[in-house]
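J.: return a 3D structure for these sequence lines:
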Amino acid sequence: MKTKIGAIALVLLGVGLLSAGLVLLKTAAETQGILQVLPYVCIGLGCGAFGHGAGEWFNNRTLARNPALARSVEIEKNDERNKAIADRARSKAFGVMIPVFGALLVSFALMGVETAAVLLLTAAYLFVCGCSVYF
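T.: Sure, this is the predicted structure:
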């Protein structure tokens, strides 16, 4: 029951954010600073929340109406082989991400991107590497 309420709340939140973003976009004339991008952020977050909530709601509704399908989905979700495949895929993606992240960091530094942006990217890179060692 909680997931149904949560999914509906996400749908309503998404519609509200989307509406607020569209209203801000149409009514705001000469804006500066954060108000210039706020409508687009609201629209993006609203669309994401609406899509996630609607998908979760439809999924819960379908599984509630079809117990055999719900049992099959639960078995597939908890299957050790599927978990092993997902872990290997995650490992491969991480293995690709580290050199790509490093190359992006070097290219930003060589292109003369702002120092703050390069330092933030470096901090994120080191955080990811540290997490991989720790966990």
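
J.: burial check on residue 30, number of neighbours?
T.: For residue 30, the neighbour count with other C-beta atoms under 10 Å is 6. The way it works is simple: take the backbone N, C-alpha and C, and place the C-beta from them, glycine included.

J.: and it, how close does it get to residue 36?
T.: Counting by C-beta to C-beta, to the nearest Å, the gap from residue 30 to residue 36 is 9 Å.

J.: touching, residue 25 and residue 46? I think so.
T.: No. If you go by C-beta atoms under 8 Å, residue 25 and residue 46 don't touch, sitting 11.7 Å apart.

J.: neighbour count winner among those two?
T.: residue 46 (20 against 14).

J.: how about the residue nearest to the spatial centre of the chain: what's its closest non-neighbour residue?
T.: Nearest residue to the geometric centre of the chain (C-alpha atoms, centre = their mean): residue 48, 8.4 Å. Closest residue in space to residue 48, ignoring its immediate chain neighbours: residue 14 at 7.2 Å, by C-beta to C-beta, 6 or more residues apart in numbering.

J.: kindly report the same for residue 125.
T.: Nearest to residue 125 is residue 101, by C-beta to C-beta, 6+ apart, at 5.3 Å.

J.: follow-up on the earlier one: distance of the residue nearest to residue 48 from residue 129?
T.: In terms of C-beta to C-beta, residue 14 sits 35 Å off from residue 129.

J.: check residue 68 too.
T.: Taken as C-beta to C-beta, the span from residue 68 to residue 129 is 45 Å.

J.: between these two, which one's more packed in?
T.: Each of residue 68 and residue 129 has its neighbours counted (other C-beta under 10 Å); residue 129 has more, 13 against 7.

J.: that one: what's it in contact with?
T.: residue 98 (C-beta atoms under 8 Å, 6 or more residues apart in numbering).

J.: SS state for it?
T.: When classified by DSSP: H, G, I helix; E, B strand; the rest coil, residue 129 comes out as helix.
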